[in-house]
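Student: no sequence on hand, only this structure:
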């Protein structure tokens, strides 16, 4: 029997080759799903690791030990985190006192005494060299100036401790002499090498210096000292993290953390690696979830094409099967002889397709993922590919059932068999029901595209295709009758060929499914791309965003404005403190004057120009500005209760952004007095932020007083009338009975302030100028929600009014709001640092804008722009998985074109006699060869977009777009139509070209037969 089957294959080599090619292509398409999943899995891990902030690849181990000879920590850590996948930096430090040579001209400083691995390679020496022996140290240029030292001088150093009550440093050990051999500055303060050690924080402290002293490890050991702070920073090499090593590295970090925390000295291990692992696993899960959405219809399509191919070939062998039946061949043998020819070709094609699928995905990965790395052949050897092969064999057997079940006399008649009156409709009803069930499970199950809901997108397209195909053929028959009545022979023959040709309905459904998958894939891809574009623009907020080192809010504003005086391309921005009130969403403070020229504004109803006007309305009262000369405050204190050692404090904020000044104007006295003091920090002018009465330990007290005037240069900046205008002055807002503030009223000779009956409650005796609108106007995202207040920049309660609403707020998206940074700063009294200071840059920013900002003294920590951020979203799991939809759609179109070629070839053989008879009777060659293939493609091209649209509208919200929390960003309902139309047109053009070639072969065959 096997020999007979092989001889049948040789006799009909063309049909066997067709089945071989279809099987090869079908299994290649089926294998592409698991192989692409494995390839995409690698790409996702690689891209996530490459794009992850270094902090997520950083393991930090910290310990404080009281024993200078305790080396357990530095000995154990390299063993725990050894290997080439970790790069480590060890450091240790303690506090010291450095004494100048001449104590009459300079004061001691209390820097950190630091040894850090490979420090010399990360320092630049303006004079001298790096330390080489245990008696040498290097200092910063500022330290050398403070101490009055020169290169080669010797200095005395001792261990330093901190006085608990005052916070001052004092000498706590014997002095050791060191030689100054180098004057350093860091090569790059933002370099990851320096970790979060905060070595170069410019904020002044009791240390009298802001930089450490660097020396060798032996130098630190040589001194008698107390507690030593030891650290290890491990950076995991990004190239060492891949799909196979990810879990191993994560386990090593957890094991190391357990061993280190067991050491004495309260060792602490911190790492954000679990966040990276969690994000990678989420991406991998989404790839595994989204790829099958396209793989399922592709495999079903492969089975369907094989079914059509085998069914068409079996119909051509009806006479042969009838003769076998007539000669008494048993039913099992007839089944084997009928199926064997197809099974042999399918098995051979499956073997070739298994290998082809791997290389096909490798090519696709190079085109779609930018990766040429292959995967082993074992990656495709999954239950998925085995199920695809078994399904192909079952489809081949079922395709022959209709012919083998017929009576012998029916097989011997050379008349095409008609379809069953009930089997096809039942099958279509089953498909429609399954599609409905999958949609219901998807929309009500809550688990997304899992379980049977996985079939929802393809089931909808297939159901629409089957129903449309059943409805289209009767319409074609009516068209044929009308053409016959009008004497149009070609359209008549084409219409009747479509309606009466076996399997035409299947071919039409196949075309609709293939084109529908193309349209669905293009729609999903473009809608997701639109969502990623929008999210990138909104979350970045501007074409380019710079993050800067900690800086005061006033300094950030003044220095950015110094670079962009016309507010055309640079905008200072900072976050407001997180409110304890959960009803207050995140708020961003921006220099709204620059909003129109810088921000990527998304709202059409409220323009950026209008937003600027709403955020910064004109105020009638200007800020009170003073210089560094004496200021005088004329006040009458009528009464004080429970007030001890209370002093007047003037809070001034330098306009150049330097440190805020809290100037002591003197001890408060009852009666009318003038309090005078100069303002040394106001060389470049200051803004008066407030006048305060302050009692030690911040205890409460009662006070009744009248403010008469505030003067400088013997000129009243604020006179009695100015203070009497109570609208020009305000007090901090009180959130309740726990904070009491003075009551302000206008008096004949100034401003009367009264605070009584505090009864132990917290008090804030502050008189603040009203140089900004209060309530403060804000613009909120419509879905964010907020009450009538927020937390101000100084952590105080701040009343607000909603000036406008937009769909999304730059940087904060759907969950935030905007305020003006200048006004918010004027309403604050602390003049503190900006929270997450950033500079938004617009499209008109000059190429050297970073250099200009650095020249102002701003240190840039990071530089982000739209392109890299958008590229990062393109490498997330859902985006990578969606590219398989494009690949699957392309394979589906090729399968459909192959099916058309097969059907046309068999049809050409079947209609040979008809064509010869028609041509003999004088029918024109064009009319005789009319076949309707092009009409079939055109019909499918019209139906397919509606099938894809139905599927898209039902499953859109369940198709993942991002692997992380997208905060309201979803795939748009109507994506950009251009790319979708191009994809649809290209696929239809491929099928149309196949139809034209098939029709040309039909006409050529009729002419050849006539000869």
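Tutor: Done, it's in. Just so it is clear, the model here is predicted, and its values are computed rather than measured.

Student: nearest spatial neighbour of residue 610, skipping sequence neighbours?
Tutor: Sequence neighbours aside, residue 804 is the residue nearest to residue 610 in space, at 7.3 Å (criterion: Cβ to Cβ, 6 or more residues apart in numbering). Every C-beta, even on glycine, is put in place using the N, C-alpha and C of the backbone.

Student: residue 69 and residue 224: what is the separation?
Tutor: Distance, residue 69 to residue 224, by Cβ to Cβ, to the nearest Å: 12 Å.

Student: which residues in the stretch 51-200 of the chain form helices?
Tutor: 72-80, 141-147 (DSSP state H, counting those that start in this stretch).

Student: which of those helices has the lowest average pLDDT?
Tutor: For those, mean pLDDT drops lowest on helix 72-80, to a mean of 73.

Student: who touches that helix?
Tutor: 61, 63, 65, 88, 90, 92, 230, 232, 252, 255-256, 259-260, 263-265, 267 (Cβ atoms under 8 Å, 6 or more residues apart in numbering).

Student: quick revisit: more neighbours: residue 69 and residue 224, which one.
Tutor: residue 224 (12 against 7; other Cβ atoms under 10 Å).

Student: surely the more buried one is in a strand?
Tutor: No. Assigned with DSSP: H, G, I helix; E, B strand; the rest coil, residue 224 falls outside any strand and is coil.

Student: what separation is there between it and residue 600?
Tutor: Distance from residue 224 to residue 600, by Cβ to Cβ: 59 Å.

Student: assumed residue 635 was part of a helix.
Tutor: No. Using three-state DSSP, the assignment for residue 635 is strand, not a helix.

Student: quickly list what it is bridged to.
Tutor: Beta-bridge partners of residue 635, counted by DSSP bridges, are residue 673, residue 707.

Student: how many residues are close by it?
Tutor: Residue 635: 26 neighbours (other Cβ under 10 Å).

Student: same question for the one 4 residues further on.
Tutor: Residue 639 is surrounded by 12 other residues when neighbours are defined as other Cβ under 10 Å.

Student: and the most centrally placed residue in the chain, how far is that from residue 883?
Tutor: By Cα atoms, centre = their mean, the chain has its centre lying nearest to residue 873, at 5.0 Å. Per Cβ to Cβ, residue 873 is found 13 Å from residue 883.

Student: ditto for residue 595
Tutor: From residue 595 to residue 883 the distance is 37 Å (Cβ to Cβ).

Student: please apply the same query to residue 362.
Tutor: 14 Å.

Student: same question for residue 209.
Tutor: 55 Å.

Student: who's more crowded, these two?
Tutor: The neighbour count for residue 209 versus residue 883, taken as other Cβ under 10 Å, is higher for residue 883 (23 against 19).

Student: wait, a helix at that one?
Tutor: Yes. Counting by three-state DSSP, residue 883 falls inside a helix.

Student: show me where the stretch 551-700 of the chain has strands.
Tutor: Ranges of strands within the stretch 551-700 of the chain are 570-575, 587-590, 625-626, 631-641, 647-654, 661-667, 671-677, 686-694, based on DSSP state E, counting those that start in this stretch.

Student: report the buried residues of the fourth one.
Tutor: Along strand 631-641, the positions that meet the burial threshold by neighbour count (16 or more other Cβ atoms under 10 Å) are 631-637, 640.

Student: from those, which has minimum pLDDT?
Tutor: For the buried residues of strand 631-641, the pLDDT minimum is residue 640, 91.

Student: so it bridges to which residues?
Tutor: residue 703.

Student: hmm, residue 702 and it touching each other?
Tutor: Yes. Assessed by Cβ atoms under 8 Å, residue 640 is found in contact with residue 702 at 7.0 Å.

Student: common neighbours of the two, please.
Tutor: Joint contacts of residue 640 and residue 702 (Cβ under 8 Å, 6+ apart) do not exist.

Student: ranges for the strands of the stretch 51-200 of the chain?
Tutor: 58-65, 86-99, 112-116, 123-128, 136-140, 154-162, 169-171, 176-186.

Student: same question for the second one, mean pLDDT?
Tutor: Mean pLDDT, taken over the full extent of strand 86-99, equals 88.

Student: returning to that earlier point: and the residue nearest to the centre of the chain, what pLDDT?
Tutor: 83.

Student: against residue 291, how distant is it?
Tutor: The value you get for residue 873 to residue 291, if Cβ to Cβ is used, is 18 Å.

Student: do residue 935 as well
Tutor: Distance from residue 935 to residue 291, by Cβ to Cβ: 35 Å.

Student: more crowded one of these two?
Tutor: A direct count of neighbours by other Cβ under 10 Å for residue 935 and residue 291 places residue 291 higher, at 26 against 20.

Student: by mean pLDDT, which helix or strand of this protein comes out lowest?
Tutor: helix 925-928 (a mean of 52; mean pLDDT, DSSP states H and E).

Student: now the element after that one, going C-ward?
Tutor: helix 933-955 (DSSP states H and E).

Student: low-confidence stretches in the stretch 501-650 of the chain?
Tutor: For the stretch 501-650 of the chain, applying pLDDT under 70 flags the ranges 501-503.

Student: just to revisit the earlier point, the residue nearest to the centre of the chain reaches residue 880, doesn't it?
Tutor: No. Residue 873 is beyond contact range of residue 880, at 10.7 Å (criterion: Cβ under 8 Å).

Student: report the angle between the longest helix anywhere in the chain and helix 933-955.
Tutor: Taking DSSP state H as the criterion, the chain has its longest helix at helix 273-316. Interaxial angle, helix 273-316 versus helix 933-955 (axes from the mean of the first three to the mean of the last three Cα atoms, to 10 degrees): 150 degrees.

Student: what's helix 273-316 packed up against?
Tutor: helix 13-51, helix 246-261, helix 331-364, helix 383-404, helix 456-485, helix 504-540, helix 877-910 (3 or more Cβ pairs under 8 Å, 6 or more residues apart in numbering; DSSP states H and E).
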